[in-house]
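J.: okay, sequence plus prediction incoming.
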Protein chains: 2
Amino acid sequence: MIENKPINSNPNVSVDCVVFGFDGSDLKVLLVERYRRDNLDFQDDTLVLPGDLINNNEDLNEAASRVLYDLTGLKKIFLQQIGAFGSPKRLTKPKDIVWLEAVRMNPEARVITIGYYALINIKNYKVRPSSFAKHVVWRGYDEVGELGFDHNEIIVKAIHNLRDQLYREPIGFELLPNHFSLHQLYSLYNEIMGGGIDRRNFRRRMLKTGFLKETEEYQEGVPHKPARLYTFIPEEFENASKNNFKFY
Amino acid sequence: MIENKPINSNPNVSVDCVVFGFDGSDLKVLLVERYRRDNLDFQDDTLVLPGDLINNNEDLNEAASRVLYDLTGLKKIFLQQIGAFGSPKRLTKPKDIVWLEAVRMNPEARVITIGYYALINIKNYKVRPSSFAKHVVWRGYDEVGELGFDHNEIIVKAIHNLRDQLYREPIGFELLPNHFSLHQLYSLYNEIMGGGIDRRNFRRRMLKTGFLKETEEYQEGVPHKPARLYTFIPEEFENASKNNFKFY
DNA sequence: TTTTCAAAGTGTAAATTTTACACTAAGTTT
DNA sequence: AAACTTAGTGTAAAATTTACACTTTGAAAA
């Protein structure tokens, strides 16, 4: 199936997105089965990151947003560029070549990809009932196995970047519902940072920042004392950022 | 002057390098006068970052290294990727278009550039006596004026990245001679971070890290007490990095 | 040779931040 | 009513960070 892309698709530059989601205990990554996505007529169980060639008239961020919209139906997803991946060998695994020849108009073309990571609230992402969803799968970020192309490398970089940002920018909230318990927030941080965070100290520190506001809502349907829900106030964060703020 | 580039030069992807140098008190950036570099027959006083289209068979880092080698004669320069810049408008200033039409085989091509920053010991960079050097100029990093293309944006990103890394990775030493005084190191950090660092505390902290070793050498030719020179021990840094090291 | 100048080099006490740690409270299920 | 599960809370010790000023040393000038 050779692509029927817009003529203005650029053969040399693509974007690939590491979409993170948090299910309450594990940090997951969204992967696609490329042979099903692309309706190939041969078997190939390779998983890859969602991605595509860019169009010549679109910005890189736009391209990444487009890819995510096509995949999830979501707009305004949190997106962060993590850099360019351009090894001349990045598309030279045997299966990758087969795939390129089946799908690309010029399979020999040198392709540089721009990596992004995206954060979505996994609850907002409704798996579409159509065949569309059949090629999509969530995997624990450290259990993805060997992906196609250089996509393992991109995930590693994305994780680094995510950890780096987690205590500098208020990005964790992107992965949670609008109203969340401190336990959810704690689990998220603890999971992303690889464990070892003290629960009480974490709670104190987060509250001290002043950009969590308590709501009058509580957890529901849990078989124990329900936790109070909090919400993140972006304005307070902006404020704090101006005046020598230290998250941690 | 249309370029006589290797055929395998990729029309859609370039690299641009923000080369930082430190002269003892100011952080400088290396810029080129593009009309002189490219022997154009019209006047154009625009300054730009050193950069070039990549070749199809070379890695992105290789391309950046090549650009720096061509410019400075130096190999093994410290290089760090800072990301891709790909706005469709990034080459649309009037003067930029004139330049593209004079120099590029396909001036309309969409070009994504991969930004790098490089750190060099300014003393090692001998301005070549030939005409080669005539198009090169050092400028204070915050006094570069309006550059061609989107190169101001790239510098801003480079500075951010540099500041970010300065206390995490031992990159400051790249800008200094092998043997340096603590005063030089202090000035460097203080300049890059925008001032306000306490001199005594800085000295203590740096020594405490354990990856500075004192030499038996002293400053020479200064009209006051000569400072002891130190040297950076990469092995000690690697060591410290493994065991929960915190620079700051 | 003495004085002057400029930067090198040094220590401490107070404030702040970080860390380690365990029991009571509240709601649900049995 | 008892048992279970997670929510929610405080403190003291240790470590780190901060603020701050005088003495030393060598070269240059007088």
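T.: Yep, it's here. Numbering: from 1, shown residues only, chains lettered A, B, ... in the order given.

J.: give the contact list for residue A:33.
T.: Contacts for residue A:33 were tallied using C-beta atoms under 8 Å, 6 or more residues apart in numbering or on different chains; they are A:45, A:46, A:47, A:135, A:136, A:137. Any C-beta I mention is one placed from the backbone N, CA and C, and that applies to glycine too.

J.: just give me the neighbour total for residue A:205.
T.: When counting by other C-beta atoms under 10 Å in any protein chain shown, one arrives at 14 neighbours for residue A:205.

J.: tell me the secondary structure at it.
T.: At residue A:205 the chain is in helix, as set by DSSP: H, G, I helix; E, B strand; the rest coil.

J.: distance of it relative to residue A:167?
T.: Distance, residue A:205 to residue A:167, by C-beta to C-beta, to the nearest Å: 10 Å.

J.: out of the contacts of residue A:33, who's nearest residue B:23?
T.: residue A:47 (50.9 Å; C-beta to C-beta).

J.: the closest residue to the closest one other than its chain neighbours bridge partners, please.
T.: Nearest residue to residue A:47 in three dimensions, chain neighbours excluded: residue A:31, at 4.2 Å (C-beta to C-beta, 6 or more residues apart in numbering or on different chains). With DSSP bridges as the criterion, residue A:31 is bridged to residue A:137.

J.: and residue A:200, how far from residue B:206?
T.: Taking C-beta to C-beta, one finds residue A:200 at 34 Å from residue B:206.

J.: so between the two, which is more surrounded?
T.: residue B:206 (19 against 8).

J.: show me what contacts that one?
T.: Contacts of residue B:206 (C-beta under 8 Å, 6+ apart): B:182, B:185, B:212.

J.: try residue A:231
T.: Contacts of residue A:231 (C-beta under 8 Å, 6+ apart): A:178, A:179, A:180, A:212, A:213, A:215.

J.: of these, closest to residue A:237?
T.: Among those, and counting by C-beta to C-beta, the member closest to residue A:237 is residue A:212, at 9.9 Å.

J.: so what's that closest one bridging to?
T.: residue A:232.

J.: residue A:47 and residue A:144 touch, don't they?
T.: Yes: at 6.9 Å, residue A:47 counts as touching residue A:144 under the criterion of C-beta atoms under 8 Å.

J.: buried ones in whichever helix in chain A runs longest?
T.: Scanning chain A for the helix with the most residues, using DSSP state H, yields helix A:151-166. The neighbour-count check on helix A:151-166 (16 or more other C-beta atoms under 10 Å in any protein chain shown) flags A:151, A:154, A:155, A:157, A:158, A:159, A:161, A:162, A:165, A:166 as buried.

J.: so does that helix get close to DNA strand C?
T.: No: judged by C-beta under 7 Å from any atom of the strand, helix A:151-166 makes no contact with DNA strand C; its nearest approach is 14.7 Å.

J.: elements contacting that helix?
T.: strand A:9-22, strand A:78-85, strand A:112-120, helix A:182-192 (3 or more C-beta pairs under 8 Å, 6 or more residues apart in numbering or on different chains; DSSP states H and E).

J.: for residue B:9, find the nearest of these.
T.: Residue B:9 lies closest to strand A:9-22 among these, at 11.6 Å (C-beta to C-beta).

J.: can you list the strands that that closest one pairs with?
T.: By DSSP bridges, strand A:9-22 pairs with strand A:27-33 (antiparallel), strand A:51-55 (antiparallel), strand A:112-120 (parallel).

J.: okay if I get the ones you listed as CSV plus mean pLDDT?
T.: Shown next, in CSV, are the strands paired with strand A:9-22 (pLDDT from 0 to 100):
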stretch, mean pLDDT
strand A:27-33, 96
strand A:51-55, 97
strand A:112-120, 98
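
J.: DNA strand C: which of these is closest?
T.: Closest to DNA strand C of these is strand A:27-33 (C-beta to the nearest atom of the strand; 21.8 Å).

J.: measure how far that closest one is from the centre of its chain, please.
T.: For strand A:27-33, the separation from the chain centroid amounts to 8 Å (computed by C-alpha atoms, centre = their mean, to the nearest Å).
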